[in-house]
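In: pasting the structure only:
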């Protein structure tokens, strides 16, 4: 599948998710063999490593959803869609390696959902998409080891965050 078609597929997935946020994610991806993971994002999940009690440092009103998925037959591609609301304009978004309540390194660079939505596909070897040495397969093989967060000017360390989990 070429890059344009992958991007169109990701944008289509984002539109479908936007239209059916309340519907189970599994129904949209039934019959596929690819990994599908989701994360519910909010400001309460952002933490500050420098504070002993790891106080909440994100936007207390912010909410969002991320869906990360593979493309059948293409282990080198990871696609995603992001929907955010009740935060100021997003300036960045990433997938990080890390457990809930712990900060970790950026492993994938996502488009900022400046207008509230973003979607794209990232392919191994694309410049500026993955941290050095990271592959799409690593993330898709163990999505629960990763989290998604979205940044803005008000919360440069992260406005909202959510741990990925596999959709059955």
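Out: Thanks, I have the structure now. Not measured: the values here are computed from a predicted model.
In: need the pLDDT of residue 33.
Out: Per-residue confidence (pLDDT) for residue 33: 78.
In: what do you get for residue 49?
Out: The pLDDT attached to residue 49 in the predicted structure is 71.
In: isn't it right up against residue 103?
Out: Yes - under the criterion of C-beta atoms under 8 Å, residue 49 makes contact with residue 103 at 5.1 Å. All C-beta atoms are positioned from the backbone trio N, CA, C, and that covers glycine.
In: need the three-state assignment for residue 154.
Out: The three-state label for residue 154, taken from DSSP: H, G, I helix; E, B strand; the rest coil, comes out as coil.
In: so which helix or strand takes in the residue nearest to it when sequence neighbours are not counted?
Out: Closest residue to residue 154 apart from its sequence neighbours, by C-beta to C-beta, 6 or more residues apart in numbering: residue 88 at 5.1 Å. Taking DSSP states H and E as the criterion, no element holds residue 88; it sits outside all helices and strands.
In: C-terminal to the helix or strand bottoming out on mean pLDDT in the chain, what's the next element?
Out: Taking all helices and strands of the chain together, the one with the lowest average confidence (mean pLDDT, DSSP states H and E) is helix 25-28, at a mean of 42. The element immediately downstream of helix 25-28 (helix or strand, assigned by DSSP H and E) is strand 36-42.
In: for that next one, name the packing helices and strands.
Out: When contacts are defined as 3 or more C-beta pairs under 8 Å, 6 or more residues apart in numbering; DSSP states H and E, strand 36-42 packs onto helix 25-28, strand 63-71, strand 146-152, strand 160-163, strand 165-166.
In: so who does the nearest residue to residue 147 once chain neighbours are set aside touch?
Out: If the residues on either side of it in the chain are set aside, residue 147 comes closest to residue 163, at 4.7 Å by C-beta to C-beta, 6+ apart. Applying C-beta atoms under 8 Å, 6 or more residues apart in numbering, we find residue 163 in contact with 39, 45, 99-100, 144, 146-147.
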